[in-house]
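Student: my questions are about this predicted structure, shown below with the sequence.
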Amino acid sequence: MTLLRGDALSEAFDRGSAAYDRLVGASPGYHAHLHRSARRLGLADGGAGMRVLDLGCGTGASTEALAAAAPLARLTGVDASAGMLERAAAKPRLTHVEFIHAPAEALAGRLAPGSFDAVFAGYLFRNVQDADTVLRLVRRLLVPSGRLAVHEYTLSGSPVDRAVWNAVCSTIIRPAGRLTGDVRLYRHLQESVNTFDTAPEFAGRLRGAGFEEVRVLPLPGWQTGITHTFLGRAAREA
Ligand SMILES: C[S@@+](CC[C@H](N)C(=O)[O-])C[C@H]1O[C@@H](n2cnc3c(N)ncnc32)[C@H](O)[C@@H]1O
């Protein structure tokens, strides 16, 4: 199958936004795992004085995790889907967040280099056309040594983890998507994970895009070996 990209993907998320919070709320560990990855950014003093970007913020599940991990930080959420963003902006816990409707790829013209002390990206990178280009852009948006946390479905490389992922998709995720009328979006989810980097490959991609101190951390529950937190720091320009 062809993966959804660009406008077609944003339209699928626009459509899927109505049921999104209900579906992820029913997924064991979804919110707890985002909170864990947000805490792994290690922002001290509640993030006081820090500017933090949530790239691909969607309906704000990841933004809420950042707001809990760094309640004093200045938060910006960016997403390509107007429908997803509208739901994030309506959340009472996110009234202090600045939301920007734009694809990640267009941010170079809108945000100055060094605009952020930390960037979080939850379930974004499988979806972008060119992950290396977006990672290099993120590195430029960060101050030198600025922190990155990527929370992503990235298979370990073990055939067992791949089989678990496909079994969960076939028996739970895609049937749920059929019920809400979001067949294409959840088929895309399954296939985008199957065709995206493994965790070691994505860690290598981060290093190649100019991130240092790269670490790959597991998450508990059924997502062990399926979802990881990637941490890194933006290298100074060579
Ligand atoms: C699976 S959702 C995750 C949302 C949120 N981060 C969370 O953890 O629940 C992925 C989000 O990335 C957005 N997205 C996909 N490609 C994008 C791009 N190129 N630029 C900006 N946002 C993008 C989608 O619109 C969608 O809202």
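Tutor: Nice, I can see it.

Student: list the neighbouring strands of the host helix or strand of Gly232 plus their orientation.
Tutor: Element membership for Gly232 (DSSP states H and E) is strand 227-234. Here strand 227-234 has these sheet partners by DSSP bridges: strand 142-153 (antiparallel), strand 211-218 (antiparallel).

Student: for the ligand, which of those is the nearest?
Tutor: In terms of CB to the nearest ligand atom, the element of those nearest to the ligand is strand 142-153, at 6.9 Å. In short, each C-beta sits where N, CA and C put it, glycine included.

Student: tell me what the helix or strand that the closest one is followed by is packed against?
Tutor: The element immediately downstream of strand 142-153 (helix or strand, assigned by DSSP H and E) is helix 159-168. Other elements packing on helix 159-168 under the criterion 3 or more CB pairs under 8 Å, 6 or more residues apart in numbering; DSSP states H and E are helix 183-195.

Student: ok, back up a step: just name the most buried of the strands paired with strand 227-234.
Tutor: The highest mean neighbour count among these, using mean count of other CB atoms under 10 Å, belongs to strand 142-153: a mean of 21.

Student: how about the residue nearest to Leu142 when sequence neighbours are not counted: which residues does it bridge to?
Tutor: Of all residues beyond its chain neighbours, the one nearest Leu142 is Ala234 (4.0 Å), with distances taken as CB to CB, 6 or more residues apart in numbering. When bridges are assigned using DSSP bridges, the partners listed for Ala234 are Phe211.

Student: do you know how far Ala234 is from His188?
Tutor: 30 Å (CB to CB, to the nearest Å).

Student: where does this protein have its least confident helix or strand?
Tutor: Across the helices and strands of the chain, mean pLDDT, DSSP states H and E gives its lowest value to helix 174-180, namely a mean of 94.

Student: can that helix be found next to the ligand?
Tutor: No - counting by CB under 6 Å from any ligand atom, the ligand has no neighbours in helix 174-180; the shortest distance is 12.4 Å.

Student: nearest to the ligand: which residue in the chain?
Tutor: Residue nearest to the ligand within the chain: Gly58 (2.4 Å; CB to the nearest ligand atom).

Student: same question for stretch 78-92, mean pLDDT?
Tutor: For stretch 78-92, the mean per-residue pLDDT is 98.

Student: please identify the residues of this structure in proximity to the ligand?
Tutor: Those residues of the chain that sit near the ligand, judged by CB under 6 Å from any ligand atom, are 9-10, 13, 34, 56-58, 61-62, 78-81, 84, 103-105, 122-124, 127-128.
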